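J.: Structure of the sequence below:
(one chain, ligands or ions: 1)
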Amino acid sequence: MDRIAARLAEVARDGRYILGPEVSAFEREFAAYLGTDHAVGVGNGTDALTIALRAVGVQAGDEVVCPSLTFYASAESIVNAGARPVFCDVDPDTLCVTPDSVCPHLTDRTRAIVAVHLFGNVAPVADLRELGLPVVEDAAQAAGARLHGARAGALGDAATFSFFPSKNLPCLGDGGAITTSSDEVAERARSLRFHGSSDKKTHTEVGYNSRLDSLQAAVLRLLLPELDGWNRRRRAAALAYAEAGMAEFAQLPVTTTGAEHVYHLYVVRSAEPDRLQEALSGAGVQARGYYRTPVHRQPAMSAFAGGELPVTDAAARTLLALPMGPELADEQVESVVVAAAGARAPA
Ligand SMILES: *Cc1c(COP(=O)(O)O)cnc(C)c1O
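T.: Take a look at the predicted model:
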């Protein structure tokens, strides 16, 4: 924190608060880390999605296929880009979208696919791209994850990140980025984040005011070198859950073949999640149900609800996030598993 405070004071003295050299430097460093040609800093992960969708060519009236088992913003951004979200189911093991789950929803109006890297797992983006449509990765939960060696964020036509304080790569407020290796998509995203203007004088389209602040970029530059170490510790905690026997009490998360999961959240499945949550809570362990109301069942999405999504609905009833983070010690993991055993003991 001292290092961050000192750096913030320097940037505050510098006086350039929005975009500027700190943001450009972070954009270069983040793109290099991911292995993309470009990163474009924006105000938050939701704006990143809206802008990325428009930058890959989504227009008013288009359809965009996206999962319902995700944070609401994955779909909200589609509506804000002027398009129509078409909700698809997810793979019953990995809980990510796959060609099998997306295909039934493709029409001649489909213009893009949003592939959410749920909970830090990675969706099979190369397989999805074979469907012949632009794929936008929602990598908000997957900073640092990999698939067959390549980073999440470098797999699709464009990808989006959130630096909200709870994410794997956090800043001290709101922040986000779009990443891509297309010069055209990057240029369009840079224009859209600044009122649809490339030269700050001529406005070629209606855009947004959504930029990354210099102060946040300075923090992100300090924290990016920590990301791999933090993710290693998250993976070690996930391994500790398995080794301590958590699988006796719930179904453990399943990683996509070839992926390096970064466990933004450690989410298990239980036939009786409330009972498990109560047993944990009795032992002072906080667990949270995830996406109990999946996006296609949210009131604001009723116009787009579509057909049945059985895997999503079943997951929404059973998912429970256990404690997870870079600071979580093996002993804490073991005490969570001991507490979970209590859910089984006779009342
Ligand atoms: C956090 C999150 C977002 C939105 O990010 P914000 O920075 O909060 O706008 C989008 N999609 C997913 C999957 C997220 O987890």
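J.: can you pull the contacts of the closest residue to the ligand within the stretch 151-300 of the chain?
T.: For the stretch 151-300 of the chain, the residue closest to the ligand is Ser162, as judged by CB to the nearest ligand atom, at 3.2 Å. Quick note: C-beta positions are derived from backbone N, CA and C, even for glycine. Ser162 makes contact with 44-46, 48, 140, 175-176 under the criterion CB atoms under 8 Å, 6 or more residues apart in numbering.
J.: now it, nearest residue through space, not along the chain?
T.: In this structure, Ser162 finds its nearest non-sequential neighbour in Gly45, 2.5 Å apart by CB to CB, 6 or more residues apart in numbering.
J.: That neighbour: what's it in contact with?
T.: 73, 138, 140, 160-164, 167, 176.
J.: residue ranges for the strands of the stretch 151-300 of the chain, please.
T.: When secondary structure is read from DSSP state E, counting those that start in this stretch, the stretch 151-300 of the chain shows strands at 158-162, 176-180, 259-260, 266-269, 288-289.
J.: if we can go back for a sec, give the ChimeraX command for selecting the buried subset of the contacts of Gly45.
T.: To isolate the buried ones among the contacts of Gly45 in ChimeraX, judged by 16 or more other CB atoms under 10 Å, type:
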select :73,138,140,160,161,162,163,164,167,176
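J.: from the contacts of Gly45, which single one is nearest Ala25?
T.: Phe163 (15.2 Å; CB to CB).
J.: is it true that that closest one touches Leu172?
T.: No: under the criterion of CB atoms under 8 Å, Phe163 is not in contact with Leu172, lying 9.1 Å apart.
J.: Quickly list what's touching both of those two.
T.: Residues touching both Phe163 and Leu172 by CB under 8 Å, 6+ apart: Gln216.
J.: just the helices in the stretch 51-200 of the chain please.
T.: 73-80, 99-102, 125-129, 183-193 (DSSP state H, counting those that start in this stretch).
J.: TSV for the ones you listed, including distance to the ligand and mean pLDDT?
T.: As requested, the helices of the stretch 51-200 of the chain are exported to TSV (distance: least, CB to the nearest ligand atom, whole Å; pLDDT from 0 to 100):
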stretch	distance to the ligand	mean pLDDT
helix 73-80	4	98
helix 99-102	16	98
helix 125-129	15	98
helix 183-193	14	98
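J.: Which one of these lies nearest to Ala154?
T.: The nearest among the helices of the stretch 51-200 of the chain, by CB to CB, is helix 125-129 at 9.3 Å.
J.: by contact count, what packs against that closest one?
T.: helix 99-102, strand 110-116, strand 135-138 (3 or more CB pairs under 8 Å, 6 or more residues apart in numbering; DSSP states H and E).
J.: so Leu320, which of the three states?
T.: strand (DSSP: H, G, I helix; E, B strand; the rest coil).
J.: Let me see the contact set for it.
T.: 250, 267-270, 273, 276-277, 287-290.
J.: In PyMOL, how would I select the buried members of these?
T.: To isolate the buried members of those in PyMOL, using 16+ other CB under 10 Å:
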select buried, resi 250+267+268+269+270+273+276+277+287+289+290
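J.: Among the contacts of Leu320, which one lies nearest to Ala123?
T.: Val267 (15.4 Å).
J.: So which of the contacts of Ser162 is the closest to Gly258?
T.: Distance ranking of the contacts of Ser162 against Gly258, using CB to CB, places Ala140 first at 21.1 Å.
J.: what residues are up against the closest one?
T.: Ala140 neighbours (CB under 8 Å, 6+ apart): 45, 71, 73, 160-162, 164, 167, 176.
J.: swap in Gly196?
T.: 203-207.
J.: any idea how far it lies from Asn44?
T.: 18 Å (CB to CB, to the nearest Å).
J.: try Ser182
T.: Counting by CB to CB - Ser182 and Asn44 are separated by 22 Å.
J.: Can you tell me how far the residue in the chain that the ligand sits nearest to is from Ile51?
T.: For the chain and the ligand, the shortest gap (CB to the nearest ligand atom) falls at Gly45, measuring 2.5 Å. Separation of Gly45 from Ile51 (CB to CB): 11 Å.
J.: swap in Glu187?
T.: 12 Å.
J.: quick one, which of these two is more surrounded?
T.: Neighbour totals were compared for Glu187 and Ile51, and Ile51 leads with 30 against 15 (other CB atoms under 10 Å).
J.: wait, what's in contact with the closest residue to the more buried one other than its chain neighbours?
T.: Spatial nearest neighbour of Ile51, chain neighbours left out: Leu192 (4.6 Å); criterion: CB to CB, 6+ apart. Taking CB under 8 Å, 6+ apart, we find Leu192 in contact with 51, 54-55, 205, 207-208.
J.: Many thanks, have a good one.
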